[in-house]
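Peer 1: Sequence and computational prediction follow.
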Amino acid sequence: MSSSFHILLLFCSILFLLSPSNANSKTLSSFKPKALVLPIIKDSNTSQYITYVNQRTPLVPVKYTLDLGGQFPWVDTDIGYVSSTYKPAHCGSAQCSIAPTVRCGDCSSTQSPGCNNKTCRVLPDNTIDLRIMNSGEVAIDILSIQSTDGSNPTKLVTFSNFVFGCGSSILQMLDNLANDVKGMVGLGRLRMGLPSQFSSAFNFPKKFAICLSPSTTSNGVVFFGNSPYVFHPGNIDISQKLTYTPLLRNLFITASFPFSKLFPSSEYFIGVKSIKINGNIVPLNTSLLKIDNKGIGGTKISTVNPYTVLEPSIYKSFIEVFAKQLGKDFTKVAPIAPFGLCYNSKSLGTGTGIGMGCVPPIDLVLQNEDVVWRILGENSMVKVSNEVVCLGFVVATAREESGPRMTSIIIGGHQLEDNLLQFDLDSNRLGFSSSLLLKQTTCSNFNFTSN
């Protein structure tokens with residue numbers, strides 16, 4: 001049976017759980033959830049993190065690419081958007097007040113979803129492909145989502161005022177997104193970001209947690225609202241095992257076009273003070289680790305970058321120290337793009353990840369020497385073939401440097417997998433678990449099957 005068929009079966013089962021016809025998960029408008037949950041799966045072709053959200057009337061599953069720092073959710077409404085509950089957000093409305101609007105405008109084409117007069121306009125952008133941004137109207141529609149007690153999914157709830165931006169097929173807004181994706185789910189700091197919308201609608205804390213699975217057939221998870229975050233085996237509540245560091249603000253957007261600096265950044269930055277490999281300091285210009293008054297520098301967390309991106313001078317020192325700490329007994333091979341340091345996998349042994357004991361640990365030292373995000377082999381090395389494994393960190397290239405702001409360290413998806421990250425926007429702090437494998441569980445071990 002093909003892997004694609006397995007994936008289809010997996011998503012069909014998820015959609016059954018989310019279906020309003022499921023007798024065990026009735027939608028109750030009076031029910032006030034303490035938390036919500038969505039499944040996340042890694043796309044095998046693009047390595048993007050994908051979720052399905054039930055929207056519109058009648059409800060249909062809409063496939064989105066997850067954008068951790070995205071300003072707001074947006075969807076291409078040009079083709080096939082049919083909903084009897086779609087409403088444009090007219091200028092001066094409450095919905096427009098939470099949007100990073102650029103203007104109030106009319107539409108010269110036939111009135112339809114995404115094209116209405118006297119609506120507020122936003123700038124949906126495809127952060128996978130930095131070339132693509134357009135002006136689209138702010139819109140409102142129905143969304144249905146699973147609530148959770150932290151251990152299992154519970155009742156379905158309906159959010160009747162889901163606010164999103166409209167993208168346009170004319171401008172190829174979906175270029176380089178995963179197959180059949182219709183938009184991007186922005187989890188950023190702004191009031192139109194999904195965490196703030198859910199917090200306001202259901203009156204729970206402005207808090208969410210992501211746990212990305214490296215598997216393309218097993219779900220990771222994103223929680224919105226209160227903990228616990230319980231994983232099997234052993235019913236481990238990962239919220240009790242987190243280390244905390246402050247979330248920092250950047251006044252400039254770093255993952256979009258220059259004119260997006262009209263609004264404060266919706267992205268998530270942390271304060272890395274130094275990097276150690278096997279306990280040895282990576283020599284670097286520490287001023288690069290700070291965000292300057294033009295928004296340049298610092299460290300952010302991203303789900304649209306598949307691997308951690310390092311500023312060129314940091315990258316050079318990083319791979320030199322890593323290679324030295326790994327030692328000369330391991331066989332280097334020609335690098336395979338986008339990686340710059342690769343080894344013969346047999347020389348590293350038959351184990352992978354944490355089982356690969358020879359791989360030196362990488363420590364991101366945060367506000368002090370006692371607060372460390374440790375990256376072990378499972379998150380530092382990438383298997384690119386049966387014979388080759390590579391260090392899964394890449395140098396900043398034209399893609400990053402062509403953006404409006406240069407960030408010194410962008411912690412990417414591979415380094416986030418099987419780590420639970422809690423973003424507490426009320427307390428302005430990040431909770432992180434480091435690898436769940438050390439706790440004998442993984443991000444795919446949340447129980448998506450209702451009791």
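Peer 2: All right, it came through fine. Residues are numbered from 1 along each chain as shown.
Peer 1: what stretches of the chain score poorly on pLDDT?
Peer 2: Scanning the chain for pLDDT under 70 picks out 1-30, 131-133, 171, 256-262, 349-357, 398-405, 450-451.
Peer 1: for it, what spans make up the helices?
Peer 2: 3-18, 94-97, 194-202, 312-326, 377-380, 398-401, 413-416 (DSSP state H).
Peer 1: tally of neighbours for residue 240?
Peer 2: Neighbourhood size, residue 240 [other C-beta atoms under 10 Å]: 9. (Each C-beta comes from the backbone N, C-alpha and C, glycine too.)
Peer 1: nearest residue to it other than its sequence neighbours?
Peer 2: Excluding the flanking residues, the one nearest residue 240 by C-beta to C-beta, 6 or more residues apart in numbering is residue 228, at 7.6 Å.
Peer 1: what do you get for residue 31?
Peer 2: Using C-beta to C-beta, 6+ apart, the nearest residue to residue 31 is residue 155, at 5.5 Å.
Peer 1: The one you found: how many residues sit nearby?
Peer 2: 16.
Peer 1: so what secondary structure elements neighbour the longest strand along the chain?
Peer 2: Using DSSP state E, we find that the single longest strand of the chain is strand 153-167. Where contact means 3 or more C-beta pairs under 8 Å, 6 or more residues apart in numbering; DSSP states H and E, strand 153-167 is packed against strand 74-76, strand 136-148, helix 194-202.
Peer 1: ok, now which ones touch residue 81?
Peer 2: 56, 75, 113-114 (C-beta atoms under 8 Å, 6 or more residues apart in numbering).
Peer 1: According to the record, where do the domains of the protein fall?
Peer 2: 3-204, 238-439 (automatic domain parsing).
Peer 1: before we move on, back to that, counting neighbours, which of the contacts of residue 81 comes out on top?
Peer 2: residue 75 (29 neighbours).
Peer 1: That one pairs with what?
Peer 2: Taking DSSP bridges as the rule, residue 75 bridges to residue 166, residue 183.
Peer 1: got it, and residue 223?
Peer 2: In this entry, residue 223 is beta-bridged to residue 37, residue 209, by DSSP bridges.
Peer 1: Tell me, how many residues neighbour it?
Peer 2: Residue 223: 23 surrounding residues under other C-beta under 10 Å.
Peer 1: now the residue of the chain positioned farthest from its centre: how far from residue 220?
Peer 2: The C-alpha centroid of the chain is most remote from residue 329, which lies 37.0 Å away (C-alpha atoms, centre = their mean). The gap separating residue 329 from residue 220 is 35 Å, by C-beta to C-beta, to the nearest Å.
Peer 1: ok, residue 448 to residue 232 distance?
Peer 2: Taking C-beta to C-beta, one finds residue 448 at 11 Å from residue 232.
Peer 1: ok, these two, which is more surrounded?
Peer 2: residue 448 (20 against 14).
Peer 1: I'd assumed residue 153 was in contact with the more buried one.
Peer 2: Yes. Under the criterion of C-beta atoms under 8 Å, residue 448 makes contact with residue 153 at 6.1 Å.
Peer 1: Excluding covalently adjacent residues, which one is nearest to residue 433?
Peer 2: Using C-beta to C-beta, 6+ apart, the nearest residue to residue 433 is residue 420, at 4.3 Å.
Peer 1: I am finished for the moment; much appreciated.
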